[in-house]
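A.B. asks: Structure here, sequence nowhere to be found:
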DNA sequence: GCTTAGCACTCAATCATCTAGAGTGCTAAC
DNA sequence: GTTAGCACTCTAGATGATTGAGTGCTAAGC
């Protein structure tokens, strides 16, 4: 239903448009060495491709532009992974050579490199801290009426929050509480913490610790308010501005606003599946993202520690290159994060 | 050398331009109730003001626009603080009512509110963590070859870093080291920490702890790499984009880039002095900031804990309103942060 | 001696008109 | 099936006229 030549021409058009951001015309195409057909022939095929819904015209006598369906077809059937050059590769390897011991630092760096290599915006979803297991509780009194609660997880993540301690609480009570916590709740995953605090700890404390009431409430509140937001990290937000499709500051604002406002985190999570996924334009399910494509790749840092890395760019983005980079990077990240505690 | 009327007209022009972003002409001005002079009179005064360097024309027959010198004069002599309305005030008070116990959270919220109230970008410089005093050291072993070092400061700030522990180090050695640290180095300010570690601790450890060498180096490195960057927090970056003077995406990029690239932190620090300071256009000392003004206000959260809050906007910004907001906010912040541990 | 009305002049912005260039669709010839 | 040719379309850019806001200057008015 589509000739070999038409496929070839479709590919050439998408490639051309990705490169120039300008509608590509038949005459222009026919001049390329890779497209040895006359302009008229190309025109005929273009007409067919348009009828099939893969191409669009911006106005009656303009060149063609890929439609969303066109991009989808290109991505599904015509995409050729770009072979990364030495410089890119060594750039990526560079961050792994640093042997960073903290997942968060590694992920931050990854975000920067990704956006620099692609010139688009990168969005990374760190491993879910809630899956970590408690390694140690600490409470450090600060003043007569406040203390810092610290939880260290098995992956070396540190959560901390200052909370209020009623004046009548004895330091020994605090110590007893910490000991109980460390005896009973070490090694449980963070997402269970609040429930466990509510059930068994409340009862235990009642028995062993004097006047624990208000302090415990305050502590529990502090500990449970660990924010999920930190999971999402951005790199190269500004790159958005340099894409011609976002020269309109209002459009740019909308897109950046949408990304920062976190539903993207959920979106990244959606890709529970392994591997690389591409969402084009309206497939992102939001008006602001109509002209954007999102490419995600998942990584795994040991059991239950999944995350995702993504690139957000215009629909007209360099899919081949981005897919290659994300693929290489996600593998590296899995390897490196798996190595950490 | 400048008549009362000229002052009045200068003020009206600056106010007008701030409001409309358009050059203001004599006819337009003469229509205002606050300027009861004929267009011709205004024209004459305008000509004088231009000769004095306070006004500029964008082209031979355009209205007038304040020059940098004009803004400076306006700010120094004509500025009237805006009386904040109830809504604004309650908005600001709102964050203080939350009674947050952590300086960082309070500052983050402040950044958001500031940018929302002004529609410009806010830049906050948190209190210098290096001035905090050590309250407690902790080291939590994570795995055979790594551990988390934690330092809690008297203000409840928590620094932590994962570091490498050579396999041949005995857990008891770690414990001994932590005990020594807590015996000797509690209550010193963080900025002295590295030096003290280098001097006395090295000697002490030599005497009391076996095979401490590599671990100590690793620990010291980890502890000393505490990053200064976190001191600067931004709010409302995107507001920059909605200012007509930054509709050119390239200009916007340059400004945002400049701000993120941290020399701004130094700039905020420059204002060691108390109170409110205004830098207009080229006074900021960087090409990218030519069209920007920066208004800073200092705050103090107890001895040695100084910080600054600032608004970055176009030179054409609403100085009166911003000054009022910053003034009110910095007082509140001083009060509130002083209350914290 | 200030202030103002009046007039000639300037410039940016807007609109219509025109042209060049790139592109299309269709038809007829190869 | 492929291509050359031709008539047609549409955008981008240039040109020119028009309008409106603004200026500077001069002379009249208070």
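C.D. replies: Arrived safely. Keep in mind that what you see is a predicted model, and the values were worked out from it rather than measured.
A.B. asks: Contacts only, for the residue nearest to residue A:112 when sequence neighbours are not counted.
C.D. replies: Spatial nearest neighbour of residue A:112, chain neighbours left out: residue A:235 (4.9 Å); criterion: C-beta to C-beta, 6 or more residues apart in numbering or on different chains. From N, CA and C alone the C-beta is placed, and that goes for glycine too. The neighbours of residue A:235, taking C-beta atoms under 8 Å, 6 or more residues apart in numbering or on different chains as the test, are A:110-116, A:121-124.
A.B. asks: try it again with 7 Å
C.D. replies: Shown in contact with residue A:235 (C-beta atoms under 7 Å, 6 or more residues apart in numbering or on different chains): A:111-112, A:114-115, A:121-122.
A.B. asks: Across the sheet, point out what pairs with it.
C.D. replies: residue A:122 (DSSP bridges).
A.B. asks: Could you do residue A:276 as well?
C.D. replies: What pairs with residue A:276, by the bridge criterion (DSSP bridges), is residue A:297.
A.B. asks: Let me know how buried it is, in neighbour terms.
C.D. replies: The local packing of residue A:276 (other C-beta atoms under 10 Å in any protein chain shown) involves 17 other residues.
A.B. asks: now residue A:234
C.D. replies: Neighbour count for residue A:234, taken as other C-beta under 10 Å: 18.
A.B. asks: how about the helices of the stretch 101-250 of chain A, start to end?
C.D. replies: Here the stretch 101-250 of chain A has its helices, by DSSP state H, counting those that start in this stretch, at A:103-118, A:171-184, A:190-196, A:202-208, A:213-224, A:239-242, A:249-260.
A.B. asks: could you say which helix or strand contains residue A:309?
C.D. replies: strand A:306-314 (DSSP states H and E).
A.B. asks: check whether that strand contacts chain B.
C.D. replies: No - applying C-beta under 7 Å from any C-beta of the partner chain, one finds strand A:306-314 separated from chain B by no less than 13.6 Å.
A.B. asks: Quickly run through the sheet partners of that strand, with directions.
C.D. replies: Counting by DSSP bridges, strand A:306-314 is paired with strand A:121-125 (antiparallel), strand A:292-300 (antiparallel).
A.B. asks: contacts for the first one?
C.D. replies: Residues from elsewhere that reach strand A:121-125, judged by C-beta under 7 Å, 6+ apart: A:107, A:110-111, A:114-115, A:231-237, A:239-240, A:259, A:264-265, A:268-269, A:307-312.
A.B. asks: Let me know the average pLDDT across stretch A:9-20.
C.D. replies: For stretch A:9-20, mean pLDDT is 94.
A.B. asks: for that stretch, which positions count as buried?
C.D. replies: For stretch A:9-20, the neighbour count (16 or more other C-beta atoms under 10 Å in any protein chain shown) marks A:9-18 as buried.
A.B. asks: how would you label the closest residue to DNA strand D within chain A: helix, strand or coil?
C.D. replies: Closest contact between chain A and DNA strand D, by C-beta to the nearest atom of the strand, is at residue A:61 (2.9 Å). Following DSSP: H, G, I helix; E, B strand; the rest coil, the label given to residue A:61 is coil.
A.B. asks: Name the residues of stretch A:77-91 that come out as buried.
C.D. replies: A:78-79, A:84, A:88.
A.B. asks: next one: stretch A:103-110
C.D. replies: A:103-104, A:106-110.
A.B. asks: Write out the residues of the stretch 51-200 of chain A neighbouring DNA strand C.
C.D. replies: A:57, A:60-64 (C-beta under 7 Å from any atom of the strand).
A.B. asks: Quick check: of those residues, which has the highest neighbour count?
C.D. replies: Counting by other C-beta under 10 Å, top hit in these: residue A:64 with 28 neighbours.
A.B. asks: quick one: that residue and residue A:23 touch, right?
C.D. replies: Yes - shown here, residue A:64 and residue A:23 form a contact pair, counting by C-beta atoms under 7 Å, at 6.1 Å.
A.B. asks: Just the pLDDT at the residue most central in space within chain A, thanks.
C.D. replies: With distances taken as C-alpha atoms, centre = their mean, residue A:124 lies nearest the centre of chain A, 3.0 Å away. On the pLDDT scale, residue A:124 is placed at 92.
A.B. asks: now it: how far from residue A:88?
C.D. replies: Going from residue A:124 to residue A:88 by C-beta to C-beta, to the nearest Å gives 18 Å.
A.B. asks: cool, and residue A:9?
C.D. replies: Using C-beta to C-beta, residue A:9 is found at 30 Å from residue A:88.
A.B. asks: remind me which residues of the stretch 201-341 of chain A are low pLDDT?
C.D. replies: Applying pLDDT under 70 to the stretch 201-341 of chain A picks out residues A:208-212, A:225-230, A:262-272, A:341.
A.B. asks: longest single helix anywhere in chain A?
C.D. replies: helix A:319-339 (DSSP state H).
A.B. asks: Name the residues that touch stretch A:23-37?
C.D. replies: A:5, A:9, A:12-13, A:16-17, A:38-39, A:42-43, A:46, A:58, A:62-65.
A.B. asks: among the helices of the stretch 101-250 of chain A, which is nearest residue A:134?
C.D. replies: helix A:190-196 (6.7 Å; C-beta to C-beta).
A.B. asks: rewinding a little: hey, which of the strands paired with strand A:306-314 is tucked in deepest?
C.D. replies: Among the strands paired with strand A:306-314, the stretch with the highest mean neighbour count (mean count of other C-beta atoms under 10 Å in any protein chain shown) is strand A:121-125, at a mean of 26.
A.B. asks: State the distance from residue A:203 to residue A:180.
C.D. replies: The gap separating residue A:203 from residue A:180 is 11 Å, by C-beta to C-beta.
A.B. asks: more crowded one of those two?
C.D. replies: When residue A:203 and residue A:180 are compared for neighbours, residue A:180 comes out ahead with 19 against 10, by other C-beta under 10 Å.
A.B. asks: Skipping adjacent residues, who's closest to the more buried one in space?
C.D. replies: Nearest to residue A:180 is residue A:204, by C-beta to C-beta, 6+ apart, at 5.6 Å.
A.B. asks: I'd like to know how many residues surround the one you found.
C.D. replies: Residues near residue A:204, counting by other C-beta under 10 Å: 17.
A.B. asks: Repeat that for the one 3 residues further on.
C.D. replies: For residue A:207, the number of neighbouring residues by other C-beta under 10 Å comes to 8.
A.B. asks: mind listing what it touches?
C.D. replies: No contacts exist for residue A:207 under C-beta under 7 Å, 6+ apart.
A.B. asks: For it, give its distance to residue A:221.
C.D. replies: Using C-beta to C-beta, we find residue A:207 at a distance of 22 Å from residue A:221.
A.B. asks: Tell me which helix or strand the closest residue to DNA strand C within the stretch 201-341 of chain A sits in.
C.D. replies: Proximity of the stretch 201-341 of chain A to DNA strand C (C-beta to the nearest atom of the strand) peaks at residue A:316, 16.7 Å away. Using DSSP H and E, residue A:316 maps to neither a helix nor a strand.
A.B. asks: about what we covered before: make CSV out of the strands paired with strand A:306-314 and add distance to DNA strand D.
C.D. replies: Formatted as CSV, the strands paired with strand A:306-314 follow (distance: least, C-beta to the nearest atom of the strand, whole Å):
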stretch, distance to DNA strand D
strand A:121-125, 27
strand A:292-300, 22
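A.B. asks: Relative to residue B:294, which of those is closest?
C.D. replies: strand A:121-125 (26.9 Å).
A.B. asks: Would you list the phi and psi of the residue in chain A that DNA strand C sits nearest to?
C.D. replies: Per C-beta to the nearest atom of the strand, the residue of chain A with the smallest distance to DNA strand C is residue A:25, at 2.4 Å. For residue A:25, the backbone dihedrals (degrees, to the nearest 10) come out as phi -100, psi 170.
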